[in-house]
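Chemist: Need a 3D model of the sequence below.
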Amino acid sequence: MKNSPELRTWLDDMKLSHPLVIAGPCSAETEEQVLKIAHELKDSDVNYYRAGIWKPRTRPGNFEGVGALGLKWLKKVKEETGMKTCTEVANKNHVELAIENDVDLLWIGARSTVSPFIMQEIADVLEGTDKIVLVKNPVNPDLALWLGGIERLYSANIKNLGAIHRGFSTYDKTKYRNNPEWQLAIEFQDKFPDLPLICDPSHITGKRDMIFDVSQTALDLNYDGLMIETHTDPDNAWSDAAQQVTPSRLKQIMEDLKIRKETETDSNYRTSLENLRAQINVVDDQLIELLGKRMKVADKIGELKKENNVAVLQSRRWNEILGKMVLEGEQKGLSEEFVLRMFKAIHQESINHQEKIIKE
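Modeler: Alright, predicted model coming up:
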């Protein structure tokens, strides 16, 4: 896929004074629920009203959406509020029904993005359309798979494209429902800076009280917009109750996220600076996460040494590590002094962990 400014045309044409906002319930449950939420969001910063009509569930038996009936409710949302609408499509049939019911924006979910066959099927039925189509990242952190899905759509002459970052599944236990892997999204932006990128903090966090912080990080990283699940009674939602916010809370989040400019020069400087600082914050979080993992391995080594009555300090092994790290650090532009000081501190923390276990 070529990197072309035309990929941003649909977003630039909106001439927004704030980031793009997509909001609405995780699932369309009833006509009354869909319309009530829409009317409460009508006079807000929301640009597109979202509602899940077909819901891919991990296991059968859970609520899988109301189906095509919900598209009629989205039509009513547009008629009564004037808001543009959007929903997730997972196959060719969904696409045809969504277009038939005048849905303005379609997004392709993480479970569909992982399949080149599904992506090609959707691309074929959408060929030449002027609909806006957004592609969520695949379930696993695979940048090539994400870009490949978008390229299939672009090859089908679909120019109104964008991407949604909703986080990635991981076996590691973290505070997120889906680990953001911000560095991968930063790499995505570096490769295709003209492709609009939307953040889905609802699916990244899985918790409504974390929505604001993740949204702010996304904006600091120059994301173009946010997709936030919104429900008038989130605790009793039929799906993903914990991650939905009320319309009033959404409005407050949008107000708190607004950027106040000074002069144009200062604004450009501050925007660039905040972007770089946000990238550093992401890397720092990854460093802490990796150091925590390293110490868990050190704990296991301590247990093994205790069982076998082996000394904590292994000088030969330590010298080998230092020499290797100094050489690798030089290749990354890091001074020998810095690498030595850093790894000596890490090594001392590992020794502390192991000694604590042996003394227990």
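Chemist: For my notes, confirm T85 occurs in a strand.
Modeler: Yes. Applying DSSP: H, G, I helix; E, B strand; the rest coil, one finds T85 inside a strand.
Chemist: Just the pLDDT for the nearest residue to it once chain neighbours are set aside.
Modeler: In space, and not counting its chain neighbours, T85 is closest to L74: 4.4 Å by CB to CB, 6 or more residues apart in numbering. Every residue, glycine included, has its C-beta placed from N, CA and C. Per-residue pLDDT puts L74 at 98.
Chemist: residue ranges for the helices of the stretch 1-150 of the chain, please.
Modeler: 9-12, 31-41, 69-81, 92-100, 110-113, 116-126, 143-155 (DSSP state H, counting those that start in this stretch).
Chemist: got TSV for those helices, with mean neighbour count and distance to R166 too?
Modeler: Below are these laid out as TSV (neighbours: other CB atoms under 10 Å; distance: least, CB to CB, whole Å):
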stretch	mean neighbour count	distance to R166
helix 9-12	16	19
helix 31-41	19	20
helix 69-81	17	21
helix 92-100	17	18
helix 110-113	22	6
helix 116-126	18	16
helix 143-155	19	11
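Chemist: Of those helices, give the one that comes closest to G162.
Modeler: Among those, the nearest to G162 by CB to CB is helix 9-12 (7.2 Å).
Chemist: what packs against that closest one?
Modeler: Using 3 or more CB pairs under 8 Å, 6 or more residues apart in numbering; DSSP states H and E as the contact criterion, no helix or strand is in contact with helix 9-12.
Chemist: Which residue, other than its chain neighbours, is closest to F343?
Modeler: F343 sits nearest to M325 (CB to CB, 6+ apart), 5.3 Å away.
Chemist: any idea how far that neighbour lies from F188?
Modeler: 30 Å (CB to CB, to the nearest Å).
Chemist: and if you look at V77?
Modeler: Distance check for V77 against F188: by CB to CB, it reads 31 Å.
Chemist: which residues does the residue nearest to N157 when sequence neighbours are not counted contact?
Modeler: Among residues not flanking N157 along the chain, G128 sits closest, at 5.0 Å (CB to CB, 6+ apart). The contact partners of G128, by CB atoms under 8 Å, 6 or more residues apart in numbering, come to 156-158.
Chemist: mind checking the SS state of the residue lying farthest from the centre of the chain?
Modeler: In the chain, the residue that sits farthest from the middle, by CA atoms, centre = their mean, is N309; the gap is 46.9 Å. Under three-state DSSP, the three-state class of N309 is coil.
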